[in-house]
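Novice: 3D, please:
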Amino acid sequence: MRKLLFLPFLFLFFVFPLNAEKNEKKEYSKYAFYSKCLDDALPQRINNGLVWFCSNQAIEKLDVLIKSRISSRGKCNDMYESHACTLKKSQVAFDRYVDATCKENKYGVHSIYCEMMLKKDRLQWLDKTPGDR
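Specialist: Sure thing, here's the model as predicted:
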């Protein structure tokens, strides 16, 4: 009988933290520009226009960060192959890959989302590469 009286209190114990989470400010991961944009647009319904807008906004921020990561590795000297030169060449190859994979209308109206996801992955990879910062 005591166990039956205890169950409603146990249920309330688990329900209250759920309600508390809804009122807290949401935290985003380091490069979650797209998710933040979508959340900021709520209660607007998610549609192709919003996906395009948020993806494009995220791409602009990711491009700036990618360029700053690569330029922070030093100057490229033609006399010897430095880490900075390798990164700059790999960025040119990466840009060609993005064009071939996403921009060739492979994914229709969501090609910009594809581009954003690849650039986000590229930035995370650049964060992990060794070199001067």
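
Novice: for this structure, which spans come out with low pLDDT?
Specialist: 1-25, 78, 105-109, 131-133 (pLDDT under 70).

Novice: what's the longest helix in it?
Specialist: With residue count as the measure and DSSP state H as the assignment, the chain has helix 48-71 as its longest helix.

Novice: on contacts alone, who are the packing partners of the helix or strand that that helix is followed by?
Specialist: Under the assignment DSSP states H and E, the closest C-terminal helix or strand after helix 48-71 is helix 83-98. Using 3 or more C-beta pairs under 8 Å, 6 or more residues apart in numbering; DSSP states H and E as the contact test, the elements touching helix 83-98 are helix 48-71, helix 111-128. C-beta coordinates here come from the backbone N, C-alpha and C atoms, glycine included.

Novice: got the angle for the first one vs helix 111-128?
Specialist: Yep, that's helix 48-71 we're talking about. Inter-element angle recorded for helix 48-71 and helix 111-128: 30 degrees (by axes from the mean of the first three to the mean of the last three C-alpha atoms, to 10 degrees).

Novice: quick one: helix 48-71 to helix 83-98, angle?
Specialist: 160 degrees.

Novice: please save the CA atoms from helix 48-71 in PDB.
Specialist: Written as PDB, here are the backbone C-alpha positions of helix 48-71 (Å, rounded to 0.1, in the frame of the first residue of the first chain):
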ATOM      1  CA  ASN A  48      12.400  25.600 -47.900                       C
ATOM      2  CA  GLY A  49      12.800  29.300 -47.600                       C
ATOM      3  CA  LEU A  50      13.800  29.100 -44.000                       C
ATOM      4  CA  VAL A  51      16.200  26.200 -44.600                       C
ATOM      5  CA  TRP A  52      17.800  28.300 -47.400                       C
ATOM      6  CA  PHE A  53      18.000  31.400 -45.200                       C
ATOM      7  CA  CYS A  54      19.500  29.700 -42.100                       C
ATOM      8  CA  SER A  55      21.900  27.600 -44.200                       C
ATOM      9  CA  ASN A  56      23.100  30.700 -46.100                       C
ATOM     10  CA  GLN A  57      23.500  32.600 -42.800                       C
ATOM     11  CA  ALA A  58      25.500  29.700 -41.300                       C
ATOM     12  CA  ILE A  59      27.700  29.400 -44.500                       C
ATOM     13  CA  GLU A  60      28.600  33.100 -44.200                       C
ATOM     14  CA  LYS A  61      29.800  32.600 -40.600                       C
ATOM     15  CA  LEU A  62      31.600  29.300 -41.400                       C
ATOM     16  CA  ASP A  63      33.400  30.800 -44.300                       C
ATOM     17  CA  VAL A  64      34.800  33.600 -42.100                       C
ATOM     18  CA  LEU A  65      35.900  31.100 -39.500                       C
ATOM     19  CA  ILE A  66      37.500  28.800 -42.100                       C
ATOM     20  CA  LYS A  67      39.500  31.700 -43.600                       C
ATOM     21  CA  SER A  68      40.700  32.800 -40.200                       C
ATOM     22  CA  ARG A  69      41.800  29.300 -39.200                       C
ATOM     23  CA  ILE A  70      43.800  28.900 -42.400                       C
ATOM     24  CA  SER A  71      45.400  32.300 -42.300                       C
END
